[in-house]
Each structure stands twice: as C-alpha cells, then as structure tokens.
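Undergrad: can't give you the sequence, but here's the structure:
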DNA sequence: CCATTATCGAGACGTAACGTCTAGAAATAG
DNA sequence: CTATTTCTAGACGTTACGTCTCGATAATGG
C-alpha cells in the first residue's frame, strides 16, 4: 500500500525550501533556545508558509532532528582497525568530535528532552538517531568478540549502555564534555580482563 | 538580610495546603503526563487558588521536584559496610528500589527534560537532587580509597559519571530498568584491578 | 495546450494556557 | 482591635498553538 509508489503529478516539493526550513530551525534554536522556538518563527525565518512546515514535519523537534543530520557530520567510524581498543578509540573520538560541532550539544539536549515529553517523537528519535549510534558501537564489540579480542563478561549491549550513558549524562546533567582523559579512562575500563575464565 | 529571620505576624502558611498541592501535582503527572500538567490543574485538584501555587513555587517542575521528595524515599545508603564492593552493591540496590516506586520514573524523566529547557530549574535540580546523589556515591568511593580498597585509576568523579550515566541513560533512552544482572556487571567492572601500579 | 493535481507563501481563525492582578475572607501577632 | 500575611476565587490581556482558506505556481497526462 504505502510503498515507494506514485511519482505522481502536480508540483514537486521544493528542496530549496526544505533546506531553508532546516537551516532556519537550527539557527533559531541556537539563538533563542528550543522552548522559544516556534513553527511560526521557523517559517518566517525561512520565508516559508506555516503550512509548508506542518505538511512535512509533525513537530518542531522533528525539524530539528533532520536539521542535525544536515548540519553535523553524523558519520561514526566502524571500520576494522585490527583491535578492539583501536576501534573503541576511533569511535570515542568521533563522538567527541560530533559534539564539538557548534550548536550540536544544545540540539541534542533539546531532542532528548522532547523525547521525554512526546512518546511519538521518542520513537522517531530512537529509530532515527539513538539506535544508529548504538548499532555502530555494538558492531565494534561484536567484531572484537569474533576476533577473540573482547574482554570477558562484556556484552555489546552493556558496553553500549555504559558508553552512551556516560556521554549523555555528561551532556544532560553536567557541563563537562568528553575529553581525552575520559576516552583514556573508558578504554582502560573496557579493556581490563578479570583473571577468571 | 534573607536569613532565617522574622517569625513574623500575619497568617501562617498552611502545611495542609502545601501537602495537597504536592500530592495533586504528583498524581496529575502520572495521570495526564508532565506536558499536560498545568498550574491551574494542580490548584484545582488541590482545592487551592492558583496564586497560592505561584507564591511558593516558580514552576510546575519545582512543585514536582518537591513532591518527589515527599512521595519517594530518597535516602541512599552510604553506611560503612567494610568493603567497597558491599557499599557499591547497597548503593545500587537503593537506586533500583527508588525507581521501583510507582510514578518515580516518569517524574524523573520529566524533571531531567525540564532541566534541559529551563536553565534556572536546571540549577535547582542539580543542587536539590543530582548533586546529593553524586555526593553519596563519591563518599563510598573515597572511603574505599582511604581503606586502600579502591581499584587503581578509578576516581570518584569518573565512577559517579559511569554509574549515574548508566542509570539515567536507561531511564531516558530505553525502557529497561536497572536489574540484578546490571548490578552484578557494574560491580564486576568497577572492582577489576589492572595489573600495573 | 489544457485540465488535473500537488505544493507553494500568506494569513485569518478559535482554543488553551500562560502569568499577573484584584478582591474579600481567614488567621495570627502586637 | 489593628496590622499583616496567606488563603480561595476568578477576571484579564497575551501568546502560540494547529487548522483552515485562499490564490498563485509548478509539474504531469492526455
């Protein structure tokens, strides 16, 4: 039913308008903050009609979620680097780099906050962002397991909970960002081998 | 100036009304959710005037923060148990128990979300909740250090980031709560000793 | 080349909650 | 009894919401 059907006739969606809306949303968020961000404001700044925004995005948070992908480099390194530790290091550096993008941290805060308020957006945020990041890190751990490189007792899911937990807690509850010392500490922690088994 | 002065004359603040407001806020949140929670609704349910709520609390989130302390047992065990591992276990069990209180998880989500939107509340939430929890866990780690019980390379601050990171990430980004297996995994991870130094 | 269809910008509309403010009753202290 | 403070109750203007209407603009199909 809802397949990739119907090229359809009629006027096509304007890519230029789409980009203008995403850019306006991202910039406005850094200027006035997410709570004072309004669909009306986004449309006005983008030179678009309010209806145009409502047609394509259900909420302002969804606009911002898509704008994030446009503004920041969301690529994470999962390439085989030979060892678990090297791939973990690459992953952590990429994550730190992402959050160094101007405006990314406030946007991440806003999106996670909105995910607590709106159950529908929560699902879209999970699928469109959180799950992808998790999958990347879990890939690294699972490859380590296949290689016989993985510390005992460390599951992919638990490793992801730990790493993303640390990152998100820093973002949401503190002012400290992920630094080189943190990366070192995480690598040391996840690479330790208990004597047993 | 703003000391603990002035017993003052005039009518005293009604403790009964205060409790009615806190209870109403807590119950309403579980019923309609934080976004649809309104000061008007709280006042109406409590049989209080809107002005009475505004007089004592700056935002609805502050009402809920105080209601949380009223409804849930916020005590965390930091008593000396002889070993780092035993105290860590007690702390984690207490944390899991707190979140098993009915309604606590949704309230925690709402408060953390609100802390992202309102910088002033963010500070009050830090001081009135987050910092206290951190201090409890850091006490445990520091006592372990004094005892010579603490794993090398583990700082109190980093341990707190890890543990609270895991807990909060679970609450905010997943549906899984802290279980016995998680407690076991954390204890194992934080008690491992690298060979060096 | 014309009818059809979908998108576009612009803005009017009723609704809902906001936070402030006023008013009079109730409680407490000197 | 007088001054002071909190209490419930509700009116008030403001603001953004999401929906809806409108005429214009593009793209397709016959």
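TA: That came in fine, so what should we check first? As the structure is a computational prediction, the values presented were derived from the model and not from experiment.
Undergrad: If you drop the residues flanking it in sequence, what lies closest to residue A:97?
TA: residue A:73 (7.8 Å; Cβ to Cβ, 6 or more residues apart in numbering or on different chains). Using the backbone N, CA and C atoms, a C-beta is placed for each residue, glycine as well.
Undergrad: what's near enough to touch the one you found?
TA: By Cβ atoms under 8 Å, 6 or more residues apart in numbering or on different chains, the contact set of residue A:73 is A:97, A:98, A:101.
Undergrad: ok, the second one touching residue A:74?
TA: Yes: assessed by Cβ atoms under 8 Å, residue A:98 is found in contact with residue A:74 at 6.9 Å.
Undergrad: More neighbours: which of those two?
TA: Per other Cβ atoms under 10 Å in any protein chain shown, whichever of residue A:98 and residue A:74 has more neighbours is residue A:98, with 20 against 15.
Undergrad: Enumerate every residue touching that one.
TA: Applying Cβ under 8 Å, 6+ apart, the residues near residue A:98 are A:72, A:73, A:74, A:76, A:104.
Undergrad: The same query, at a cut-off of 7 Å, please.
TA: A:72, A:73, A:74, A:104 (Cβ atoms under 7 Å, 6 or more residues apart in numbering or on different chains).
Undergrad: separation between it and residue A:178?
TA: 10 Å (Cβ to Cβ, to the nearest Å).
Undergrad: do the same with residue A:192
TA: Separation of residue A:192 from residue A:178 (Cβ to Cβ) stands at 20 Å.
Undergrad: These two: who's more crowded?
TA: The residue with more neighbours, out of residue A:192 and residue A:178, is residue A:178; 21 against 18, by other Cβ under 10 Å.
Undergrad: Touching, that one and residue A:170? I think so.
TA: Yes: with contact defined as Cβ atoms under 7 Å, residue A:178 reaches residue A:170; the gap is 6.3 Å.
Undergrad: domain assignment for chain A?
TA: Annotated domains of chain A cover A:15-60, A:72-191 [automatic domain parsing].
Undergrad: hang on, the earlier thing: next step: the contacts of residue A:98 restricted to helices.
TA: residue A:104 (DSSP state H).
Undergrad: from the contacts of residue A:98, which is closest to residue B:37?
TA: residue A:104 (29.9 Å; Cβ to Cβ).
Undergrad: what residues are up against the most centrally placed residue in chain A?
TA: Among the residues of chain A, the one closest to the centroid is residue A:129, at 4.4 Å (Cα atoms, centre = their mean). Residue A:129 sits next to residue A:65 when contact means Cβ under 7 Å, 6+ apart.
Undergrad: Likewise for residue A:143?
TA: Contacts of residue A:143 by Cβ under 7 Å, 6+ apart are residue A:80.
Undergrad: near DNA strand C, which residues of chain A show up?
TA: For chain A, the residues in contact with DNA strand C (Cβ under 7 Å from any atom of the strand) are A:8-14, A:17-18, A:20, A:46-52, A:55-56.
Undergrad: pLDDT at the residue nearest to residue A:97, what is it?
TA: The confidence metric pLDDT takes the value 73 at residue A:73.
Undergrad: for the one 5 residues further on, same thing?
TA: Predicted confidence (pLDDT) at residue A:78: the value is 87.
Undergrad: swap in the one 4 residues further on?
TA: In this prediction, residue A:82 carries a pLDDT score of 93.
Undergrad: next one: residue A:153
TA: 89.
Undergrad: Helix or strand for it, just tell me which one.
TA: Here residue A:153, judged by DSSP states H and E, is contained in no helix and no strand.
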